[in-house]
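Q: sharing a model prediction with you, sequence too.
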Amino acid sequence: MLNEGLTIVEVLGLAVVQEIEAHKRYRLFASRVQNPLVKERFISLAREENAHRELLYGMLQRYTGEDKPPLPKKAPRLNREVELNQPLHEILQVAIRKEQEAQQFYREAASLARDPTGKRMLEYLAEFERGHERALQAEFDAVAKYPEWFEIEGADIMLVGP
């Protein structure tokens, strides 16, 4: 996924863009869900991705010494048309796959990092994305058992999972 020729600045720039897109994706998913508890799960994930963006952007600023370092233009972007038209169980599958891709990205970036602090931060982010994957998998499993769960407005029940 990552080219060994990338600099840490390029890796951080790509990571920032990925976190921006993840934030947008979760906000989009939240807009599709009627159930307030599941909606809040997506909003919470969006907030966490935004916090990751801030962490990475701060690191990018420290490396470049610039107040507003440029971000890469050729990074993967959210395909709203495709993702908006998917059934909700497929939205969860997309989210799970994107979290797996993020984990791989951060693990590869950590393996290339020469700076121990940067390496630890990238490893931490990989584990954090793994936590997101597990939470989304729990939601996916709930949808498989209770397909109407995502359509309930003002749900009086709460599924308990990892």
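A: Cool, got the structure.
Q: quick one: contacts for residue 125?
A: With contact taken as C-beta atoms under 8 Å, 6 or more residues apart in numbering, residue 125 is in contact with 15, 52, 55-56, 102, 106. Using the backbone N, CA and C atoms, a C-beta is placed for each residue, glycine as well.
Q: would you mark the buried spots in the helix or strand containing it?
A: Using DSSP states H and E, the element containing residue 125 is helix 116-145. The neighbour-count check on helix 116-145 (16 or more other C-beta atoms under 10 Å) flags 118, 121-123, 125-126, 128-130, 132-133, 135-140, 142-143 as buried.
Q: low pLDDT regions in the protein?
A: Within the chain, the segments meeting pLDDT under 70 span 1-5, 74-85, 149-162.
Q: at the geometric centre of it, which residue do we find?
A: residue 22 (4.1 Å; C-alpha atoms, centre = their mean).
Q: list the contacts of it.
A: For residue 22, the contact set (C-beta under 8 Å, 6+ apart) comprises 45-46, 49, 52, 98, 102.
Q: helix or strand right after the helix or strand containing it?
A: Residue 22 belongs to helix 8-32 when assigned by DSSP H and E. Counting by DSSP H and E, the element after helix 8-32 in chain order, helix or strand, is helix 36-64.
Q: so for that following helix, what gets flagged as buried?
A: Applying a neighbour-count criterion of 16+ other C-beta under 10 Å, the buried positions in helix 36-64 are 38-39, 41-43, 45-46, 48-50, 52-53, 55-57, 59-60, 63.
Q: residue 130 touches residue 104, doesn't it?
A: No. Judged on C-beta atoms under 8 Å, residue 130 makes no contact with residue 104 at a distance of 10.6 Å.
Q: quick check: the gap between the residue nearest to the centre of the chain and residue 65.
A: 27 Å (C-beta to C-beta, to the nearest Å).
Q: then residue 132?
A: From residue 132 to residue 65 the distance is 32 Å (C-beta to C-beta).
Q: same check on residue 33?
A: Distance, residue 33 to residue 65, using C-beta to C-beta: 42 Å.
Q: sweet, I'm off.
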